[in-house]
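Colleague: this one's structure only:
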């Protein structure tokens, strides 16, 4: 049995994830019992493909994995002016990802629909035959009246650098496999951490300007957000798969096991297996009756690099949003 086969405990328990070849939605699908029809996104037809109860009932996880894997979703870098971007920091705020993302539904039959169409209200039920557009940037990371950094240009530069790293890795792998492995591990790790650091810089500066925070308060906020993200939300590893899963499991256990399945906390993990050209995006879900580690998306040989980088940046952005949702 390979390392990847051992990623999950494959048993006869239907509540246990078993994705032998990282094939998220192939094979038989278990249908959720007592599915709540009032849920807006993702569509019920997609939720039924999630094989575990905890994954189906976590609205944030199901939305994230839908955005990463559904073929009728177009991910963009659209950044619009946000009038109230800091609701995420308000006490007792809604912690559902959908409230902090710009997701637009489009009917397949309507080819001329405006890209500036008004968002459908949360009370509406979006049919399964719609396609969607979603910005990879939560509203917190979009334009505000308090912008200081040119984040649009900076994020595009990061995107180009991510693509360059992946392309160089694929080009060097056949001729210099050992060098290519070290190159991917070191450069992808460094660039990812720098990207997340700059996201927190942007958030801290905008929030501090909005709240008239003093400089020392701004510095402390930045350090606290980064520390919370590192200690409770996000890990990145090139270690053997067993070590990675142990770290992700520990990170997930540190989070409060809420009885509220809808608002269960998520942890984010990125595992790099440069030898096999594999990058695995994983999430952990903590609940009072279960802990779950589950693959959300992966990059393998010959995958579309540009599309993967877009999804990779979305994954990182959502880990930042997760930290902000639970920080206060």
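Modeller: Happy to help now that I have it. Predicted, not measured: the structure shown is a model, and the values here were computed from it.
Colleague: Surely residue 321 is in contact with residue 89?
Modeller: No: using CB atoms under 8 Å as the test, residue 321 is too far from residue 89 to be in contact (11.4 Å). In short, each C-beta sits where N, CA and C put it, glycine included.
Colleague: Same drill for these two, tell me which one is more crowded.
Modeller: More crowded of residue 321 and residue 89, by other CB atoms under 10 Å: residue 321, with 24 against 17.
Colleague: Contacts only, for that one.
Modeller: 88, 97, 100, 138, 140 (CB atoms under 8 Å, 6 or more residues apart in numbering).
Colleague: export these to CSV and tack on pLDDT, secondary structure and distance to residue 291?
Modeller: Formatted as CSV, the contacts of residue 321 follow (pLDDT from 0 to 100; DSSP: H, G, I helix; E, B strand; the rest coil; distance: CB to CB, whole Å):
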residue, pLDDT, secondary structure, distance to residue 291
88, 79, helix, 25
97, 91, helix, 20
100, 90, helix, 25
138, 93, coil, 26
140, 89, helix, 28
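Colleague: Which single one of the residues you listed is nearest to residue 169?
Modeller: residue 138 (28.4 Å; CB to CB).
Colleague: What is the burial count for the closest one?
Modeller: As a burial measure, residue 138 scores 25 neighbours (other CB under 10 Å).
Colleague: For it, list the residues it contacts.
Modeller: 88, 97, 100, 101, 317, 318, 320, 321.
Colleague: Go through those residues and say which is closest to residue 156.
Modeller: Checking these against residue 156 by CB to CB gives residue 317 as the nearest, at 14.0 Å.
Colleague: Leaving out the residues flanking it, which one is nearest to residue 309?
Modeller: residue 162 (4.4 Å; CB to CB, 6 or more residues apart in numbering).
Colleague: ok, that neighbour to residue 317 distance?
Modeller: 13 Å (CB to CB, to the nearest Å).
Colleague: what is the mean pLDDT for stretch 209-220?
Modeller: Averaged across stretch 209-220, pLDDT comes to 80.
Colleague: Span of it from start to end?
Modeller: This stretch, stretch 209-220, spans 14 Å end to end (CA to CA, to the nearest Å).
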